[in-house]
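Chemist: For reference, the sequence and a predicted model appear below.
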Amino acid sequence: MPAAQLVRGTGPTNPRTRRGAVKLRPNCREVTELVLLAQEKPLSLGERVAVRMHMLICKACPRFLKQVQLMRQASERWRHYSEE
């Protein structure tokens, strides 16, 4: 499966059910997809609630979120070098 499908949530682990509704209890893979998707566009209210609820019961996903945020901050700091 192409990586783009994983980021966009269009693959077999799509965190959205039919009709665009969000699963109430997404698994870790689905939450990581939503975390990555949130880097590209704002999540819906249902997606944000599902991610936050999952983060309360999972130890690994909050770590993943912190890593993504750290990488984003680091890349922002170095952005001006690529613009020269």
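Modeler: That came in fine, so what should we check first?
Chemist: Do you know the pLDDT at Val22?
Modeler: Per-residue confidence (pLDDT) for Val22: 72.
Chemist: again, but for Leu34
Modeler: 96.
Chemist: mind checking the longest helix of this protein?
Modeler: Assignment by DSSP state H gives helix 60-82 as the longest helix of the chain.
Chemist: quick one: average confidence on that one?
Modeler: Here helix 60-82 scores 90 as its mean pLDDT.
Chemist: any idea how far Arg72 is from the residue most central in space within the chain?
Modeler: Geometric centre of the chain, nearest residue: Val35, 1.4 Å, by Cα atoms, centre = their mean. From Val35 over to Arg72 the distance is 11 Å, taken as Cβ to Cβ, to the nearest Å. C-beta coordinates here come from the backbone N, C-alpha and C atoms, glycine included.
Chemist: Could you do Cys58 as well?
Modeler: From Cys58 across to Arg72, the span is 21 Å (Cβ to Cβ).
Chemist: ok, these two, which is more surrounded?
Modeler: Neighbour count, other Cβ atoms under 10 Å: between Cys58 and Arg72, Cys58 has more, with 14 against 11.
Chemist: Now do the helices in this structure.
Modeler: With DSSP H, the ranges of helices along the chain come out as 3-8, 28-38, 45-57, 60-82.
Chemist: next one: stretch 72-84 to chain centre, how far?
Modeler: Relative to the centre of its chain, stretch 72-84 is centred 22 Å away, using Cα atoms, centre = their mean, to the nearest Å.
Chemist: Ignore what I typed, I meant stretch 24-32.
Modeler: On Cα atoms, centre = their mean, the centre of stretch 24-32 falls 9 Å from the chain's centre.
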